[in-house]
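Undergrad: this one's sequence-less:
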């Protein structure tokens with residue numbers, strides 16, 4: 001049976017052409033928690049032959065957005081930032097792990113860490129997300145902690 005967080009992420013991904021282009025795979029999703037994975041392709045490289053800085057940023061923003069929206073209410077970023085520690089190379093497999101730092105009635109604060117296939121820490125992202133009162137689905141139960149694991 002498909003969980004509410006899974007339904008929400010599926011609905012988000014259906015309309016998210018950029019995350020689709022990135023080749024994002026959802027490894028796990030539950031309210032406040034997300035693990036995404038993607039591989040860096042040649043089309044993501046900048047003039048220096050390394051991944052454009054926006055690649056790690058976009059991966060983290062998608063992961064945090066999925067985590068906050070998985071609570072059942074529609075949410076979007078209002079402030080985000082990233083620190084990048086290592087260059088991302090062509091072919092790297094990036095894993096993004098989200099941690100919910102704070103969840104209130106109107107704001108959620110999340111951090112996301114990007115780790116490559118060699119377990120090297122690539123980047124750290126922090127985002128603040130506004131939580132509207134709009135529900136994703138009427139059958140929604142906020143706080144459903146069901147987890148799911150799959151590949152997109």
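TA: Cool, got the structure. All values derive from a computational prediction rather than experimental measurement.

Undergrad: CA only for contacts and neighbour counts going forward, please
TA: Noted.

Undergrad: report the longest helix in this protein, please.
TA: Longest helix in the chain by number of residues, with DSSP state H as the criterion: helix 53-69.

Undergrad: residues of it that come out buried?
TA: Of the residues in helix 53-69, 53, 55-57, 59-69 count as buried by neighbour count, 16 or more other Cα atoms under 10 Å.

Undergrad: Go through these and say which is closest to residue 82.
TA: Distances from those to residue 82 were compared by Cα to Cα; the smallest belongs to residue 57, at 6.6 Å.

Undergrad: what about the strands in the chain?
TA: Read by DSSP state E, the chain holds these strands, from start to end of the chain: 25-30, 33-39, 73-84, 93-103, 107-115, 121-135, 148-149.

Undergrad: Kindly reformat these as JSON lines containing mean neighbour count.
TA: What follows is these, written out as JSON lines (neighbours: other Cα atoms under 10 Å):
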{"stretch": "strand 25-30", "mean neighbour count": "21"}
{"stretch": "strand 33-39", "mean neighbour count": "22"}
{"stretch": "strand 73-84", "mean neighbour count": "17"}
{"stretch": "strand 93-103", "mean neighbour count": "20"}
{"stretch": "strand 107-115", "mean neighbour count": "23"}
{"stretch": "strand 121-135", "mean neighbour count": "19"}
{"stretch": "strand 148-149", "mean neighbour count": "14"}
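
Undergrad: can you redo the ones you listed as CSV with distance to residue 19 and mean pLDDT?
TA: Compiled in CSV, these are given as follows (distance: least, Cα to Cα, whole Å; pLDDT from 0 to 100):
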stretch, distance to residue 19, mean pLDDT
strand 25-30, 9, 97
strand 33-39, 10, 98
strand 73-84, 15, 98
strand 93-103, 13, 98
strand 107-115, 16, 98
strand 121-135, 17, 98
strand 148-149, 18, 33
